[in-house]
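Enquirer: Structure, please.
(chains A and B)
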Amino acid sequence: MSGIDTLRLTAEEAKRLLDAKEVSSAELFAAYAGRDDEYHAFLHRCDDDGTEGIPLAVKDVIGTRGIPTTAGSKILEGYVPVYDATVIVNAKAQGLKVLGKTNTDEFAMGSSTENSAYGPSRNPWDPSRVPGGSGGGSAAAVSGGLAPWALGSDTGGSIKQPAALCGHVGLRPTYGTVSRFGVVAFASSLDQVGPVAKNVRDCAWLYSIISGRDDNDSTTVDVPPVELPTGEDLSGLRIGVPREMNGVAGIEQGVSDAVRKALELAESLGASVEECSLPRSVDYGVACYYLVAPAEASSNLARYDGVRYGLRVDGDDFREMLMRTRDAGFGDEPKRRIMVGAYALSSGYYEAYYGTAQKVRTVIRREHEELFERFDVLASPTSPTVAFPIGAKIDDPVAMYMNDVLTIPSCMAGLPGLNVPCGLSEGLPVGLQLIGPQFAENALFRAGHALERALGFDVVPERLR
Amino acid sequence: MAGITRDEVLHVARLARLELSDDEVTKFQGQLSQILEAVSKVRELDLADVPPTAHPLEIANAWAEDEPRPCLPLEDVFANAPDRDEDFFRTPPA
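Expert: Purely as a prediction, here's the structure:
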């Protein structure tokens, strides 16, 4: 059957087609696998393994048995995991099939995929622009009709920001709800795997498949049952709008306007919308993140030593081999972050940098906790800008870091965040970020689903309709 | 933070086990100075009575039963090894 519209088909519709035997699993897989990857969404595309089920694209930081997993880095070129990450075990157990591995900034460090050692991905809305990052490959695959849905990972915005820039739905789950076992580690107190999808119901469904306590990851906890959202009204929902995250300097006017209209719509659906404040979380969030995450990264990336797996560059003694391997294998962004982290953790600077950042993290957590005494969800733009041109920020690391100014604070507090596309600015998608208290994914799904229905945003890029 | 010196770049590169070329040292000296200046903002706040957060969830001590389980077969363990000598990873001399 050739009538599968891969740009529009949701996973839920795909399941209905499979159950009704209107298409076979092989036909479904071929519909995606047969499309040209003009966005460089994938680093590796899989052959059909002949099993029954719905195809799934997987970010290349997630380990897949027998399928190369590089994390976008030359230091893992040719690495083939000998076991599946827990999220892959769960996905396969629920009848999902791996379509391929999607591009990512190296070790998920970046906001554009331009830090991938294998070259950037492109935004299906405008291929001269970035798809966001680090999960730009998964975003481009879902937006460009190369996958019905995908797995991403989010440390400071790597699921939400690409979903915003490519115009679809992405969830960063509450820390501890999804296993990190078998996932290439970047910053262990922040990393979370999450779903990327064309709509909120698919997003909730995929979250229900991958989440849950895992004996192999002691940071995971029992997760409340996931409710697939059905309602179309928002009566009783209290939405807080932090003024520091809305309509302030650095946020494009078109982005602010689209988000404001979405919030007016939320009010018309029965929600209460009230301004509030996160006085220090936004101002200090990026600085806090860019100390904590590099510190954890410098520790996590110490494992790439040329001994057990990955690249080795020979040297006359062990130390020479080790240092040459790491210089040749890591790109500039991991090197910057490893060095910033090593500096922040080094003797004489530890209290001034890493120790201070950990205290700021407490401030950020408390500010959010106080707001959730009065509000069910917080709302803001996900990204301060729409997708920017490839190359625009690549030589200015600090400017690139500011892409994450609105996604970072809630990540530091371990909170779930959902991106819902809410309109266009200059012909490019704008994302609405909804943040909830820990374990409030169902509230985010409910709000996101009702808004998505009312907004009627078309997730298919205009140039592809 | 007045910027990081060339010697400090070489020092953190050694801590991070990175052998940088001269060009890299020059490039990273400027970039790390910018980054450290930006992140130094965390020191503006009065944090005297604030405890640190190392982990976003209030959980402690996730215990597991102390039961032996099968581990990876050796062929899997060595499947990605750059160099192997029977049941050992081989490296240059320390």
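Enquirer: What parts of the stretch 351-465 of chain A come near chain B?
Expert: The stretch 351-465 of chain A has residues A:352-353, A:355-363, A:365, A:397-398, A:401, A:412-414, A:438 near chain B, with proximity defined as C-beta under 8 Å from any C-beta of the partner chain. No exception for glycine: its C-beta is placed from N, CA and C like everyone else's.
Enquirer: Weed out the non-buried ones from these.
Expert: Buried residues within these, counting neighbours by 16 or more other C-beta atoms under 10 Å in any protein chain shown: A:353, A:355-363, A:365, A:397, A:401, A:412-414, A:438.
Enquirer: So residue B:59 is in contact with residue A:221, correct?
Expert: Yes. Residue B:59 lies in contact with residue A:221 (C-beta atoms under 8 Å); the separation is 6.4 Å.
Enquirer: anything in contact with each of these two?
Expert: Both residue B:59 and residue A:221 are contacted by residue A:176, under the criterion C-beta atoms under 8 Å, 6 or more residues apart in numbering or on different chains.
Enquirer: wait, isn't residue A:337 in contact with residue A:299?
Expert: No. Residue A:337 lies out of contact with residue A:299 (C-beta under 8 Å); the separation is 11.3 Å.
Enquirer: more crowded one of those two?
Expert: When residue A:337 and residue A:299 are compared for neighbours, residue A:337 comes out ahead with 27 against 16, by other C-beta atoms under 10 Å in any protein chain shown.
Enquirer: Now the more buried one. Its backbone dihedrals?
Expert: phi -70, psi -40 (degrees, to the nearest 10).
Enquirer: Might you report the residue contacts of it?
Expert: Counted by C-beta under 8 Å, 6+ apart, residue A:337 has contacts A:109, A:293, A:294, A:297, A:298.
Enquirer: please redo it, this time with the cut-off set to 7 Å
Expert: A:109, A:294, A:297 (C-beta atoms under 7 Å, 6 or more residues apart in numbering or on different chains).
Enquirer: Let's see which of those residues end up in helices.
Expert: Counted as lying in helices by DSSP state H, out of these, are A:294, A:297.
Enquirer: Between residue B:59 and residue A:221, which has more neighbouring residues?
Expert: residue A:221 (19 against 12).
Enquirer: Work out for me the element that one sits within.
Expert: For residue A:221, there is no enclosing helix or strand under DSSP states H and E.
Enquirer: Please verify my assumption that it contacts residue A:174.
Expert: No. With contact defined as C-beta atoms under 7 Å, residue A:221 does not count as touching residue A:174 (8.7 Å).
Enquirer: neighbouring contacts of stretch A:241-261?
Expert: Looking at what lies outside stretch A:241-261 - C-beta under 7 Å, 6+ apart - the contacts are A:263, A:273-279, A:282-283, A:378-381, A:384-386, A:406, A:422-423, A:425-426, A:430, A:432.
Enquirer: Pick the one among the contacts of residue A:337 closest to chain B.
Expert: residue A:294 (8.6 Å; C-beta to the nearest C-beta).
Enquirer: The nearest residue to that closest one once chain neighbours are set aside: neighbouring residues, count only.
Expert: Spatial nearest neighbour of residue A:294, excluding adjacent residues (C-beta to C-beta, 6 or more residues apart in numbering or on different chains): residue A:341 at 3.6 Å. Applying other C-beta under 10 Å, we find 28 residues neighbouring residue A:341.
Enquirer: Residue A:341 belongs to a strand, doesn't it?
Expert: No. With DSSP: H, G, I helix; E, B strand; the rest coil as the criterion, residue A:341 is helix rather than part of a strand.
Enquirer: give the contact list for it.
Expert: Per C-beta under 7 Å, 6+ apart, neighbours of residue A:341: A:294, A:295, A:297, A:298.
Enquirer: pLDDT at the third one, what is it?
Expert: What that stands for is residue A:297. Listed pLDDT for residue A:297 reads 98.
Enquirer: same question, the first one
Expert: Residue A:294 is assigned a pLDDT of 98 by the prediction.
Enquirer: Excluding sequence neighbours, find me the nearest residue to residue A:203.
Expert: Closest residue in space to residue A:203, ignoring its immediate chain neighbours: residue A:197 at 4.1 Å, by C-beta to C-beta, 6+ apart.
Enquirer: Show the contacting residues for the one you found.
Expert: A:11, A:142, A:149, A:168, A:169, A:203, A:206.
Enquirer: Next: residue A:296.
Expert: Residue A:296 neighbours (C-beta under 7 Å, 6+ apart): A:187, A:188, A:189.
Enquirer: measure it to residue A:338 for me?
Expert: The gap separating residue A:296 from residue A:338 is 11 Å, by C-beta to C-beta, to the nearest Å.
Enquirer: The spatially closest residue to residue B:78 that is not a sequence neighbour and residue A:312: what is the separation?
Expert: Leaving out its chain neighbours, the residue that sits closest to residue B:78 by C-beta to C-beta, 6+ apart is residue B:84, at 5.0 Å. Using C-beta to C-beta, one gets 12 Å for the distance from residue B:84 to residue A:312.
Enquirer: now residue A:388
Expert: 37 Å.
Enquirer: re the thing from before, tell me the bridge partners for the residue nearest to residue A:203.
Expert: Beta-bridge partners for residue A:197, by DSSP bridges, are residue A:149, residue A:169.
Enquirer: surely residue A:406 meets residue A:379?
Expert: No. Counting by C-beta under 7 Å, residue A:406 stays clear of residue A:379, with 10.8 Å between them.
Enquirer: hey, what's in contact with both of the two?
Expert: The contact lists of residue A:406 and residue A:379 share residue A:433, where a contact means C-beta under 7 Å, 6+ apart.
Enquirer: Look at those two and report which has more neighbours.
Expert: residue A:406 (31 against 25).
Enquirer: and stretch A:335-342, average pLDDT?
Expert: 97.
Enquirer: related to what we said a few turns ago, save the contacts of residue A:341 as a markdown table, and put in neighbour count too.
Expert: Compiled in a markdown table, the contacts of residue A:341 are given as follows (neighbours: other C-beta atoms under 10 Å in any protein chain shown):
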| residue | neighbour count |
| --- | --- |
| A:294 | 30 |
| A:295 | 25 |
| A:297 | 26 |
| A:298 | 24 |
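Enquirer: Name the nearest of these relative to residue A:464.
Expert: Closest approach to residue A:464 among those (C-beta to C-beta): residue A:297, at 36.4 Å.
Enquirer: and the residues of the stretch 351-465 of chain A next to chain B, which of them are in helices?
Expert: A:356-363, A:365, A:397-398, A:401, A:412.
Enquirer: Which residues are in contact with residue A:73?
Expert: Residue A:73 neighbours (C-beta under 7 Å, 6+ apart): A:106, A:107, A:117, A:329, A:330, A:331.
Enquirer: which residues touch the closest residue to the last one other than its chain neighbours?
Expert: Spelled out, that is residue A:331. With sequence-adjacent residues excluded and distances taken as C-beta to C-beta, 6+ apart, residue A:331 is closest to residue A:106, at 4.9 Å. Neighbour list for residue A:106: A:71, A:72, A:73, A:115, A:116, A:117, A:331, A:333, A:334 [criterion: C-beta under 7 Å, 6+ apart].
Enquirer: top of the residues you listed by neighbour count?
Expert: Neighbour tally across the contacts of residue A:106 (other C-beta under 10 Å): the maximum, 33 neighbours, falls on residue A:72.
Enquirer: Okay, strands next: where are they in chain A?
Expert: Ranges of strands in chain A, per DSSP state E, are A:42-45, A:54-59, A:96-102, A:149-154, A:169-172, A:192-197, A:238-242, A:272-276, A:377-381, A:417-425, A:428-435.
Enquirer: May I see those strands organised as a markdown table, with mean pLDDT added?
Expert: Below are those laid out as a markdown table (pLDDT from 0 to 100):
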| stretch | mean pLDDT |
| --- | --- |
| strand A:42-45 | 98 |
| strand A:54-59 | 98 |
| strand A:96-102 | 98 |
| strand A:149-154 | 98 |
| strand A:169-172 | 98 |
| strand A:192-197 | 98 |
| strand A:238-242 | 98 |
| strand A:272-276 | 98 |
| strand A:377-381 | 98 |
| strand A:417-425 | 98 |
| strand A:428-435 | 98 |
